[in-house]
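Undergrad: pasting a predicted model and its sequence here:
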Amino acid sequence: MTHLHLSRVEVGLTVFGELLDLVDCWRLETGRAQPLRQWFIDDVIPAGI
């Protein structure tokens, strides 16, 4: 887990789901994976609010 800059103890204390999210973010940032969908603020917050 050195690519996430986490020590072995930090990896052991991290919730498994959060660890998977960190690995997924790292893969997206390094170009090893493509996002399933690109979100824009207009998609998340409806117009008129």
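TA: That came through, no problem.
Undergrad: next one, pLDDT for residue 30 please.
TA: Among the per-residue scores, residue 30 holds a pLDDT of 92.
Undergrad: longest helix anywhere in the chain?
TA: Taking DSSP state H as the criterion, the chain has its longest helix at helix 16-29.
Undergrad: following the chain onward from that one, which element is next?
TA: Counting by DSSP states H and E, the next helix or strand C-terminal to helix 16-29 is helix 41-44.
Undergrad: give me the residue at the spatial middle of this structure.
TA: Nearest residue to the geometric centre of the chain (C-alpha atoms, centre = their mean): residue 25, 3.1 Å.
Undergrad: list the buried ones in stretch 5-17?
TA: residue 14 (16 or more other C-beta atoms under 10 Å). Where you see a C-beta, it was placed from the backbone N, CA and C, and this is true even at glycine.
Undergrad: before we move on, the earlier item: now do the buried residues in the longest helix of the chain.
TA: Of all the residues in helix 16-29, those buried under the rule 16+ other C-beta under 10 Å are 19, 22.
Undergrad: how close does residue 8 get to residue 26?
TA: 17 Å (C-beta to C-beta, to the nearest Å).
Undergrad: any stretches of the protein with poor pLDDT?
TA: By pLDDT under 70, the low-scoring segments of the chain are 1-4, 49.
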